[in-house]
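In: Need the 3D shape of this:
(one chain, ligands or ions: 2)
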Amino acid sequence: MVQYNAYSCTPEISYNALMQHFGFTRTSVQREHSLLTPDSFIRAPFPGDQNGTRVVHINPAIGAGFTMFTLEAASNATFAPALDGCSSLIFILEGAFSLQIAKKKHSLKVGDYAFLPLTADYTLSSKNGGRAIVFEKPYNAIAGTNLPEIIIGNSQSLPKNPVLGDPRVLVQTLLPDQPSFDFAVNIMNFETGAHLSLVETHVMEHGLLMLSGGGIYRLGNDWYPVQTGDVIYMAPYCPQWFGALGSASSSYLIYKDWNRHSLES
Ligand code: UGY
Ligand code: MN
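Out: Residues are numbered from 1 along each chain as shown. Ligands and ions are numbered 1, 2, ... in the order given. Sure, this is the predicted structure:
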């Protein structure tokens, strides 16, 4: 059996390996949360993209104030930039991408990421193919605060800090903790058996991609088995809890709106 993995799946093997004959899927779309599993992903063309496709996992149609999508690049792919007025974060899952900003070309490989503020003028392409996850949000400016700057980084080199003092649950923050940033993207790392210490219930919404491992995710009043490659949307105030299971550690990439007054859109 082919193992689905966020870092290794291609659309070709996913169609065959994940074929469901009995109408079964772990995908579940609810009012305050959604679990979206790779067997139910649908690729669609996107205006301005060439030799690439997208899976739009989360957008305002599901109730979110942001969009989260996977870019799937074939050879010689180029992708349309973020919408005017939006900033975005691109995280590479597989293969390699190239980001041209003015005269400088940045090579992005697995685990690298780029934050592109609304002012960034860039071209994203891939010569030999790859996959990336993107979060994109209309920017919410604060009067008197400078716009955020372009950030290009590597997630593997980011420090890991204990969450609420638990050394078995470590967080890595991809973006600086500065008021100019109106969203945060973090990686949560769990040793097997470790779990969130409380059922979080908060005003921020989340978009999440399981990067490795798996476990049980509580969303609202439901408990779901989750694994690498799954996507989750959590609306504001969705009660949430995760416990990691299995022989290896688990991690997920997680977006949240951040740093803004909750009465501002
Ligand atoms: O940052 C967070 O809110 C994060 N701890 N939530 C989560 O992992 N579901
Ligand atoms: Mn949370």
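
In: Every contact and neighbour count from this point should use C-alpha atoms.
Out: OK.

In: After the longest strand anywhere in the chain, which helix or strand is next?
Out: The longest strand of the chain (DSSP state E) is strand 67-79. Remark: after strand 67-79, the chain's next helix or strand is strand 86-95, criterion DSSP states H and E.

In: That next one: partners in the sheet, and parallel or antiparallel?
Out: Strand 86-95 sits in its sheet next to strand 112-116 (antiparallel), strand 130-138 (antiparallel), going by DSSP bridges.

In: how far off strand 67-79 does the very next helix or strand once past that strand point, in degrees?
Out: Downstream of strand 86-95, the next assigned helix or strand under DSSP H and E is strand 97-101. Angle of strand 97-101 versus strand 67-79, following axes from the mean of the first three to the mean of the last three C-alpha atoms, to 10 degrees, is 80 degrees.

In: Please shift the residue numbers so they start at 19 in all later answers.
Out: In the new count, where the first residue is 19, that last one comes out as strand 115-119.

In: quick revisit: for the strands paired with strand 104-113, give me TSV that also has mean neighbour count and distance to residue 106.
Out: Below are the strands paired with strand 104-113 laid out as TSV (neighbours: other C-alpha atoms under 10 Å; distance: least, C-alpha to C-alpha, whole Å):
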stretch	mean neighbour count	distance to residue 106
strand 130-134	22	5
strand 148-156	23	4
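
In: If you count neighbours, what's buried in stretch 214-226?
Out: Neighbour counts over stretch 214-226 (16 or more other C-alpha atoms under 10 Å) mark 214, 222-226 as buried.

In: What's the end-to-end length of that stretch?
Out: This stretch, stretch 214-226, spans 15 Å end to end (C-alpha to C-alpha, to the nearest Å).

In: Run through who's touching it.
Out: With contact meaning C-alpha atoms under 8 Å, 6 or more residues apart in numbering, stretch 214-226 is reached by 76, 82, 86, 182, 187, 249-261, 270-276, 280.

In: Whichever of those residues end up buried, select them in ChimeraX.
Out: Only the buried entries of the contacts of stretch 214-226 go into this ChimeraX selection, using 16+ other C-alpha under 10 Å:
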select :76,82,86,187,249,250,251,252,253,254,256,257,258,259,260,261,270,271,272,273,274,275,276
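
In: before we move on, back to that, reformat the strands paired with strand 104-113 into TSV and put distance to residue 122 next to each item.
Out: Converted to TSV, the strands paired with strand 104-113 look like this (distance: least, C-alpha to C-alpha, whole Å):
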stretch	distance to residue 122
strand 130-134	14
strand 148-156	20
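
In: and residue 100, which of those is closest to it?
Out: Closest of those to residue 100 is strand 148-156, at 6.9 Å (criterion: C-alpha to C-alpha).

In: and the closest one, average pLDDT?
Out: Averaged over strand 148-156, pLDDT sits at 98.

In: what's the answer for stretch 187-202, then?
Out: Stretch 187-202 carries an average pLDDT of 97.

In: do stretch 55-66 as well
Out: pLDDT averaged over stretch 55-66 gives 96.

In: That one: end-to-end distance?
Out: From its first residue to its last, stretch 55-66 covers 27 Å (C-alpha to C-alpha).

In: quick one: residue 81 and residue 252 touch, right?
Out: No - Residue 81 is beyond contact range of residue 252, at 9.7 Å (criterion: C-alpha atoms under 8 Å).

In: buried set for stretch 60-76?
Out: Result for stretch 60-76 [16+ other C-alpha under 10 Å]: buried residues 67-76.

In: so residue 79, which of the three states?
Out: Of the three states, residue 79 takes helix under DSSP: H, G, I helix; E, B strand; the rest coil.

In: now it: how far from residue 47?
Out: Applying C-alpha to C-alpha, the value for residue 79 to residue 47 is 12 Å.

In: Who has more neighbours out of the two?
Out: Ranked by neighbour count (other C-alpha atoms under 10 Å), residue 79 and residue 47 place residue 47 first, with 13 against 8.

In: what sits against the more buried one?
Out: Contacts for residue 47 (C-alpha under 8 Å, 6+ apart) come out as 53-54.

In: For it, list each beta-bridge partner.
Out: residue 52.

In: pLDDT wise, what is the closest residue to residue 264 other than its chain neighbours at?
Out: Leaving aside its chain neighbours, residue 264 sits nearest to residue 210 (6.1 Å; criterion: C-alpha to C-alpha, 6 or more residues apart in numbering). If you check residue 210, the pLDDT there is 98.
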